[in-house]
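S.K.: need a structure here:
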Amino acid sequence: MLDALTQRLTNVVKTLRGHSRITEENVQEMLREVRLALLDADAGLPVVKDFIPKVKEKALGTEVVGSLTPGQALVGVVYEELVKLMGGASAGLNLATQPPAVILLAGLQGSGKTTSAGKLARLLKGQKKKVLLVSTDVYRPAAIEQLATLGKNLEIEVFPSDPAQKPVDIARAAVDWAKRHFHEVLIVDTAGRLAIDEAMMNEVKALHAAVNPIETLFVVDSMQGQDAVNVAKAFADALPLTGIVLTKLDGDARGGAALSVRHVTGQPIKFVGVSEKMDGLESFHPDRMASRILGMGDILSLVEDARAKVDEKEAQRIAEKFKKGKDFDLEDFRSQLQQMKKMGGVSALADKLPAQLTQMASASPELQEKTLKRTEAIISSMTPLERRKPELLKASRKRRIAAGAGVQVQEVNRLLTQFEQMQKMMKMMRSGGLAKMMRNMKGMLPGMR
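M.R.: A predicted model of the protein is given here:
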């Protein structure tokens, strides 16, 4: 996601590398690239028309200070305006009301409303809220069952509903149940259509009037691109929206929806869906998204992911082992691969790292993902003793492991060779050899002092 947009905006710096100062001529040159980048990303034309003059006005008044190049200074301007375009500060849920706080989810069919309802319920449960879910979608086959299954898996109560009932009656009964059973939050999943129609809009308006939600969240598929703008405008005209949930941000989206829906609806993006898993819902931070769009990564979100998903005891165990001078074995290596999977795998990590770091890798994140899965399969095909003592792995054992993992023996040999190199590097780090190596490298790489 966002790769093409990131690449074009990164090229702005390269294009202006030879310039010594900011002029109207090179600003125009930069703005042309920015305009093309935004249009290629499927950002709405009104958004682009509003955005470009603001960047131009601010860029012409910017001085190049210190060691900054004109390209870097102009990218700084683009960054600030992107943050403003996407809402400035991050906005959380407003649950300050007499319980239950009702959250109404609205959007087209296929936008991810039901899955988002489950993800949001899980998120609030993690914040010690007592949550109730209810589906008022009596039209889509198995919609009610889907939400019931999600609730069961998440151990969150789901108010029972039936396709024979009227959506407004279901919603009112759910509110009454939530009040009587002391639920703090009620999440109402509404029906959608494949396209906007009068019947759907009338129904969602009636639901809104019946439950009086404190939060009315518009759920939109980020892969819709330009269409997301038109759909967002229609829902904003029909409902008093309070925020947006942008789904499928991990898909093949070009980023235009993230830049456009805030501008069109006037409401903040509150959450983004970053994977199909139930923990794949994140709070939206405009500054972090702007940083990712410009290829600067999102280290803060990466750190938050690590804190939330990494097993601290396991990380501490390996750290203590390292301090005591004990060898890092294949059991430890497999543990680290599993921790990485909890954080979303290589693709999720690469998406939040600065572009320069991901470009240094010889293989794409997708190829690295496949390689790591194969590596884990090989290690898992070993016995616990073999993982602790790789030196036991002779030809017959290697053949057995390769067969168990579904790979060639050469791949087992390659893994063991790479693991030996890793062990040597870790021993070097422990003995202070890394500091010596870094001193010898000073001056060889740009920016190292």
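
S.K.: Show me how this structure divides into domains.
M.R.: Listed domain ranges for the chain are 3-85, 101-284, 311-441 (source: automatic domain parsing).

S.K.: any chance of the ones you listed in a markdown table, with distance to residue 291 and mean neighbour count too?
M.R.: From N, CA and C alone the C-beta is placed, and that goes for glycine too. Formatted as a markdown table, the domains of the chain follow (distance: least, Cβ to Cβ, whole Å; neighbours: other Cβ atoms under 10 Å):
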| stretch | distance to residue 291 | mean neighbour count |
| --- | --- | --- |
| domain 3-85 | 7 | 17 |
| domain 101-284 | 13 | 20 |
| domain 311-441 | 9 | 14 |
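
S.K.: JSON lines please, covering these and showing distance to residue 94 and mean pLDDT.
M.R.: Formatted as JSON lines, the domains of the chain follow (distance: least, Cβ to Cβ, whole Å; pLDDT from 0 to 100):
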{"stretch": "domain 3-85", "distance to residue 94": "22", "mean pLDDT": "73"}
{"stretch": "domain 101-284", "distance to residue 94": "6", "mean pLDDT": "89"}
{"stretch": "domain 311-441", "distance to residue 94": "28", "mean pLDDT": "72"}
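
S.K.: Ok, which of the ones you listed comes nearest residue 93?
M.R.: The closest of these to residue 93 is domain 101-284. By Cβ to Cβ, the value is 5.8 Å.

S.K.: Quick one: end-to-end distance for that closest one.
M.R.: End-to-end distance for domain 101-284, by Cα to Cα, to the nearest Å: 21 Å.

S.K.: what about that domain, distance to the chain center?
M.R.: Its chain's average C-alpha position is 18 Å from that of domain 101-284, according to Cα atoms, centre = their mean, to the nearest Å.

S.K.: Return the distance of residue 290 relative to residue 161.
M.R.: 41 Å (Cβ to Cβ, to the nearest Å).

S.K.: for residue 278, same thing?
M.R.: Counting by Cβ to Cβ - residue 278 and residue 161 are separated by 21 Å.

S.K.: how about the strands in the stretch 101-250 of the chain?
M.R.: Assigned by DSSP state E, counting those that start in this stretch, the stretch 101-250 of the chain shows strands spanning 101-106, 131-135, 157-159, 185-189, 215-221, 243-247.

S.K.: Turn these into JSON lines, including distance to residue 285.
M.R.: Formatted as JSON lines, the strands of the stretch 101-250 of the chain follow (distance: least, Cβ to Cβ, whole Å):
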{"stretch": "strand 101-106", "distance to residue 285": "20"}
{"stretch": "strand 131-135", "distance to residue 285": "24"}
{"stretch": "strand 157-159", "distance to residue 285": "30"}
{"stretch": "strand 185-189", "distance to residue 285": "22"}
{"stretch": "strand 215-221", "distance to residue 285": "17"}
{"stretch": "strand 243-247", "distance to residue 285": "12"}
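
S.K.: Residue 82: which of the ones you listed is closest?
M.R.: Ranking these by proximity to residue 82 (Cβ to Cβ) places strand 243-247 first, at 15.1 Å.

S.K.: other SSEs contacting the closest one?
M.R.: Strand 243-247 sits against helix 113-126, strand 215-221, helix 256-265, strand 269-273, with contacts defined as 3 or more Cβ pairs under 8 Å, 6 or more residues apart in numbering; DSSP states H and E.

S.K.: So which elements touch the second one?
M.R.: By that I understand strand 215-221. Strand 215-221 packs on strand 101-106, helix 226-238, strand 243-247, helix 256-265, going by 3+ Cβ pairs under 8 Å, 6+ apart.

S.K.: quick one on the thing from earlier: select, out of the domains of the chain, the one closest to residue 294.
M.R.: Comparing these by Cβ to Cβ, domain 3-85 comes nearest, at 5.5 Å.

S.K.: the longest helix in the protein is where?
M.R.: Among the segments of the chain that qualify as a helix by DSSP state H, the longest is helix 409-430.

S.K.: out of the helices and strands packed on strand 243-247, which comes closest to residue 371?
M.R.: Minimum separation from residue 371 across the helices and strands packed on strand 243-247 (Cβ to Cβ) falls at strand 269-273, 26.6 Å.

S.K.: ok and that closest one relative to helix 256-265, angle-wise?
M.R.: For strand 269-273 against helix 256-265, the angle by axes from the mean of the first three to the mean of the last three Cα atoms, to 10 degrees is 160 degrees.
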